[in-house]
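Enquirer: Starting from these lines, generate the structure:
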Amino acid sequence: MGCFLGSGWFCILMVSVSVKAQQMSSTKDHKPECLGNIVRLHVAAVLGNVNSIVNDSKVIELTPNLAAQCGFRYKFDRMGNAMLFASLLNCLAQSKDDKTLNLATQLRLHGKLMPVDYTCSYTWASREILCDDVYMEASGRIPKGGSLLPYEGHWFRTFTSLEIPSRSEVDEVQRKGYAIANTPTRLVLRSPHGKEETYLQNVAGVPMKVLSTSIFFEQKWLVAQVDATVACPTQGSVTFTPELITWYLPRHIDPLFSSDAFTMLELYMGIDGKRLDKQEMAARKYSVSLMEVHVIVKIPVGAVGGYYKSHVQDNQYFSTYAIEPMLELLWIEEDSHEDTRYKVLFPITTPPVQALVFKLGTFNLDVELVNVTLSTGVLTVAECNARGFNVQEEMSEDNLSKSFSMAVPFMDPAVFHENRPEQGVTSFTLHLIYGLVVLPENMAFSHSASVNAILMNVVPHSISGVCDQENFYITVNYGNQAPLFEVMVGGWLLTAELAEQYVTEGESRITLTVPFSAPQTVFESIHASAVRSRLSVALLNPFTNVTMKDFTLGCTFHKRLTECFSNGTMTALAVKVESTPSLNPGQLTLTDRSCGPDYSDDRFAYFSFNVNSCGTTRKFIDDLILYENEISLPDKLKVKTASGLDDDYHLTVSCYYMINNTQSLAYHRKPCNNEPSAKTESQLLVVMRIATDASYKTFHQVEEYPVVRYLRQPLHIEVELTRSTDPEVELVLDHCWATLDKDRNSKPRWNLIIKGCEYPEDPYRVVFNTVVADSRVLYPSHFKRFEVHIAAFTGDVDELTDKIFVHCDVFICDPSSPVKGQCSGQCVNQNNSKRGQRQVKSTLSYSGHVKVFLSHQSVV
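Expert: As a prediction, the model looks like this:
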């Protein structure tokens, strides 16, 4: 079968039989074309399918699996013509110096032999990657000096698939359908699609099949290693509209790069493996664009180079359009200085679309349909079928008469479109003239016809938005399509939990109400009395992750970021802006570096200081005094960005005061309406219990502890003040935390509630639940309820045991004796109101332990 062992080609076991003399077919109409690293051969329909290859008087049955393993593929158009593609490094190719490759063999096609003889010259890149419809191929230079060694012994390779390596001998790998070989200077790896070692990876929103390998070959004491990775796009990289095919390919195909620094040297588009120049592309209305993230190919449906194909589904006639574009890229990585040629042959077929179907008849048997006249010209019956019209002659049941039927795709240029937006429909109209003839007299006659069809318009999804002084209001309209998309809000996936905070649903739309300072927003700039914030929303295809629609809204919100108080106190809020992505607001200081923020998180820093401190300057302007300070980052903490500039931050805050100013304060005496109250001492009891579910109707009894919860289950906790009938008294949670031991001071410790608020550094924050009065709850102010996610306790799995204890410190507040402190209210805005100051009494309680089971299905 022509295994080229002298150059390291492997032998594939094939079923072969001897061949006797058979009829030979002429080769003048089947000359192979050398197209870079592939060869293309046309085979006429009269010769039929490619059944086998005859090589050295042996017949090799060319099954689909063997064809993919060997680097062959053949396809057929709607008329049955075959097109054979072969990699230059296919199993039967002969090579001596890797610059010239040749193949001399014969194809057997339904008993006929067709000789195939070609010689192709090609200049190889350091690495060549070929993505065919049925296989993936990578070839690269053998390490320096390797071409001089006659490598022998055991070959083996290591597959790497999603970090799961496996080792296989070469013979075993070949039996699995892979191909490994080396020419004098190159190593070749070929894999049919769908092999178990390949895996899917999302690259820049495009799903790609990836195969990563390490291949070793040895000779005595020398072992050489070549890493080979192939990544090819899948059908999920294509989107369709009735008029246009759009194909996305990542510009930076991550699995194939060792760094981000590279230069794109060449970019070509072609059809059926053959490059097209700019004039041909323009004539066919193709376009290819090299964007920042993707290479985007756009092909009009029905363009030259493809063809329409008829289909029948559920006794309905449909039409598809098929085309096979090619993309060829050449880039060089700046670190390795090695070039890569990446070629993709990518057959595309549009979804089935119904067609205009109509019938002409009945006629006697001596009538023939000769041609059809359309607004675009006259077509013969053969030309109609070639254009995808599917003209058929139908006989009557008694075989005494006949009729003619024809189906025309809605998107054909001869079909007139009229959009009627007020009715939500589009009208399609086709005017034509049938040209007929009576045989044998050849008497010609014609028949004019008009066909009209009305289809409902496709209203696409849309996004719009407005702002007020507090929120963004984003509306996502479904149009008249099903909401088959995922919503990204500022880079965050709109999960069910996030939707509870932001989303209001309607029949055909959803509205998102997002505060201007929400984590999903981006601050563009800040001013003394305003902040500019931006929110981005995108709709993603849930299967391909390709962006279907995106929308960005930026608004200026008038907020006082600096406040000046009459007692000489200044407060300022510093906001992390988009231009300082690596800034830690907690590291900001005033002019005096010892004055840091009173409060900070990952987006804000809040300062409060006296005008005579922290390096504040004073300046007299007429009858005013100007106090100024600057919020900035110490020099030692500044970070160099990718552009080489400091990730700097400067915010000037200022206050103006009148030099001489008199303020009047009015007051009125008011008689006391309350009788003096007497005081006494009593004991109050605080209890904590665990509810069985979020309704807080039933609770676990003492004998049921420990209570079992899994990682994805929330823990519903209720804290109650008992033995009190005063509705004015209120229970306020101060601190709540969890430990692995009953000792409330033991370590480790997970903070849940700090100073009445959710612990901000916990990714699974506590959720406070509103308490309403019912038959059991007479005084809602005596209760507090909150939810804890069990997954919050897995921060250090090595120390996690099967028991967790929850502890709480609480305040009991009495409004009759106002004092400052925690009695100013619980942190969460459960009812958007603040409490008065109340008498403080402190106590604590803790629950029984909660038993936690870990399982891989519940890992968050």
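Enquirer: make it CA atoms for all contacts and neighbour counts henceforth
Expert: Will do.
Enquirer: Off-centre distance for stretch 90-105?
Expert: 42 Å (C-alpha atoms, centre = their mean, to the nearest Å).
Enquirer: What are the buried residues along it?
Expert: 90-95, 98, 101-105 (16 or more other C-alpha atoms under 10 Å).
Enquirer: Return that stretch as CSV; C-alpha atoms alone will do.
Expert: Provided in CSV are the C-alpha atoms of stretch 90-105 (Å, rounded to 0.1, in the frame of the first residue of the first chain):
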residue,chain,number,x,y,z
ASN,A,90,-1.6,12.0,3.6
CYS,A,91,-0.7,8.3,4.2
LEU,A,92,0.2,7.6,0.6
ALA,A,93,2.3,10.7,-0.2
GLN,A,94,6.0,10.3,-0.9
SER,A,95,8.5,12.8,0.3
LYS,A,96,12.3,13.0,0.2
ASP,A,97,13.1,16.5,1.2
ASP,A,98,9.7,17.8,2.4
LYS,A,99,9.8,20.5,-0.3
THR,A,100,8.3,18.3,-3.0
LEU,A,101,5.6,15.7,-2.4
ASN,A,102,4.0,13.4,-4.9
LEU,A,103,1.4,10.7,-5.1
ALA,A,104,0.8,8.2,-7.9
THR,A,105,-2.2,5.9,-7.3
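Enquirer: What residues does the nearest residue to Ser594 once chain neighbours are set aside make contact with?
Expert: Distances taken as C-alpha to C-alpha, 6 or more residues apart in numbering place Cys614 nearest to Ser594, at 7.6 Å, with adjacent residues excluded. Cys614 sits next to 590-595, 629 when contact means C-alpha atoms under 8 Å, 6 or more residues apart in numbering.
Enquirer: Which strand or helix spans Cys614?
Expert: Using DSSP states H and E, Cys614 sits within no helix or strand.
Enquirer: go on, the one 4 residues further on?
Expert: Mapping Arg618 onto the secondary structure by DSSP H and E places it in strand 617-621.
Enquirer: Which residue would you name as the spatial centre of the protein?
Expert: Asn545 (3.0 Å; C-alpha atoms, centre = their mean).
Enquirer: hang on, that residue packs against Val206?
Expert: Yes. At 6.8 Å, Asn545 counts as touching Val206 under the criterion of C-alpha atoms under 8 Å.
Enquirer: Leaving out chain neighbours, which residue sits closest to the residue nearest to the centre of the chain?
Expert: Closest to Asn545 by C-alpha to C-alpha, 6+ apart is Gly205, at 4.9 Å.
Enquirer: Which residues are in contact with that neighbour?
Expert: 544-547.
Enquirer: Can you add pLDDT, secondary structure and distance to Gly586 and give those residues back as a markdown table?
Expert: Shown next, in a markdown table, are the contacts of Gly205 (pLDDT from 0 to 100; DSSP: H, G, I helix; E, B strand; the rest coil; distance: C-alpha to C-alpha, whole Å):
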| residue | pLDDT | secondary structure | distance to Gly586 |
| --- | --- | --- | --- |
| Thr544 | 73 | coil | 39 |
| Asn545 | 77 | coil | 36 |
| Val546 | 77 | coil | 37 |
| Thr547 | 80 | strand | 36 |
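Enquirer: What is the nearest of these to Val503?
Expert: For those, the residue nearest Val503 by C-alpha to C-alpha is Thr547; the value is 20.6 Å.
Enquirer: so what's the closest residue to the closest one other than its chain neighbours bridging to?
Expert: Distances taken as C-alpha to C-alpha, 6+ apart place Leu540 nearest to Thr547, at 4.5 Å, with adjacent residues excluded. In this entry, Leu540 is beta-bridged to Glu486, Thr547, by DSSP bridges.
Enquirer: neighbours of the closest residue to Leu633 other than its chain neighbours, just the number please.
Expert: In space, and not counting its chain neighbours, Leu633 is closest to Leu588: 4.9 Å by C-alpha to C-alpha, 6+ apart. Other residues near Leu588 come to 26 when the count uses other C-alpha atoms under 10 Å.
Enquirer: ok, Leu588 touching Ala605?
Expert: Yes. In this structure, Leu588 is within contact of Ala605 by C-alpha under 8 Å, at 7.5 Å.
Enquirer: shared neighbours of those two, which are they?
Expert: The contact sets of Leu588 and Ala605 overlap at Pro597 (C-alpha under 8 Å, 6+ apart).
Enquirer: circling back: what residues sit buried inside the strand holding Arg618?
Expert: Within strand 617-621, the residues that count as buried by 16+ other C-alpha under 10 Å are Arg618.
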